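> Would you be able to build a 3D model of this:
(one chain, ligands or ions: 1)
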Amino acid sequence: MRTFLAICGSLRRSSSNKSLLEAAALLAPDGVTISLYEGMGELPAFNPDIADDAQPASVTDFRAALGRADAVIISTPEYVHSLPGSLKNALDWLVGTSDLVDKPVTLFNASPRSTYAVAALNEILTVMSGRVVDDASITLQLSGRDLDAAGIVAEPPFSAEIRRGIATLLKAVEA
Ligand SMILES: Cc1cc2nc3c(=O)[nH]c(=O)nc-3n(C[C@H](O)[C@H](O)[C@H](O)COP(=O)(O)O)c2cc1C
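Have a look, this model is predicted:
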């Protein structure tokens, strides 16, 4: 069994990026479990002093979830031509760890307009030595559609593209 950790960059209750990741979980093939990381809003603001002294439980949980994952899928909105501060903060907690080193990571994108956020994330993940799997990255036009996960799955072009992204990521994991 392979486990993919899905990280959503939006904390919004009806986030399109979250729905995309939930749709991916529904579409995961046999042998793959996609679990959504739900703790991003609980992570404290990154402070290297705290990281050195006593690691907060929320950070330990995040790092454990990453440790269990064979691969990571990130889906995030773009905020002010970059990634949301909460997602950058989560990634900052991994600096100085080897949690992302050589870990296959891909980006799912719910809005074709989010080019700055995608570029920024690719740069960050590369600097952190993640194995960015470009071929598995997908971009769907979901913003403004107000679809939940079941609604995304019900649209064949969307579900086909999500399945393709997952299958490509799985191949990278097993390569
Ligand atoms: C504070 C803020 C800043 C934003 N800045 C951008 C931006 O720079 N470029 C862009 O394409 N969209 C921007 N947006 C729009 C969001 O990226 C878009 O609504 C996205 O689909 C929301 O994702 P979600 O449904 O997962 O929360 C911004 C939205 C907010 C709330």
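> Return stretch 121-128 as CSV; C-alpha atoms alone will do.
What follows is stretch 121-128, C-alpha atoms only, in CSV (Å, rounded to 0.1, in the frame of the first residue of the first chain):
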residue,chain,number,x,y,z
LEU,A,121,6.5,26.4,-4.8
ASN,A,122,8.6,24.7,-7.4
GLU,A,123,11.6,26.9,-6.4
ILE,A,124,11.0,26.2,-2.7
LEU,A,125,10.6,22.4,-3.1
THR,A,126,13.7,22.3,-5.3
VAL,A,127,15.7,24.2,-2.7
MET,A,128,14.5,21.8,-0.1
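> Now find how far off-centre the helix or strand bottoming out on mean pLDDT in the chain is within its chain.
Ranking every helix and strand in the chain by mean pLDDT, DSSP states H and E puts helix 48-53 at the bottom, with a mean of 80. Distance of helix 48-53 from the chain centroid (Cα atoms, centre = their mean, to the nearest Å) equals 25 Å.
> Identify each buried residue in it, please.
By 16 or more other Cβ atoms under 10 Å, the buried positions in helix 48-53 come out as Ala51. (Glycine included, C-beta is placed from N, CA and C.)
> contacts for that helix?
By Cβ atoms under 8 Å, 6 or more residues apart in numbering, the residues outside helix 48-53 that reach it are Pro44, Pro56, Val59, Trp93, Gly96.
> Give me the subset of those residues lying in helices.
Val59 (DSSP state H).
> So how do I select the buried members of the contacts of helix 48-53 in ChimeraX?
To isolate the buried members of those in ChimeraX, using 16+ other Cβ under 10 Å:
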select :59,93
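> Using TSV, lay out the contacts of helix 48-53 together with distance to the ligand.
Below are the contacts of helix 48-53 laid out as TSV (distance: Cβ to the nearest ligand atom, whole Å):
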residue	distance to the ligand
Pro44	21
Pro56	25
Val59	23
Trp93	21
Gly96	29
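> now the contacts of helix 48-53 in a markdown table, with pLDDT?
Formatted as a markdown table, these follow (pLDDT from 0 to 100):
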| residue | pLDDT |
| --- | --- |
| Pro44 | 97 |
| Pro56 | 94 |
| Val59 | 96 |
| Trp93 | 96 |
| Gly96 | 90 |
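> Mind picking the two most distant members of the contacts of helix 48-53?
Pro44 and Gly96 (15.9 Å; Cβ to Cβ).
> List, one by one, the residues from this structure near the ligand.
Applying Cβ under 6 Å from any ligand atom, we find that the chain lies next to the ligand at 10, 12, 15-17, 77-81, 110-111, 113-114, 143.
> ok, now with 8 Å
8-12, 14-19, 75-82, 84, 110-111, 113-117, 142-144 (Cβ under 8 Å from any ligand atom).
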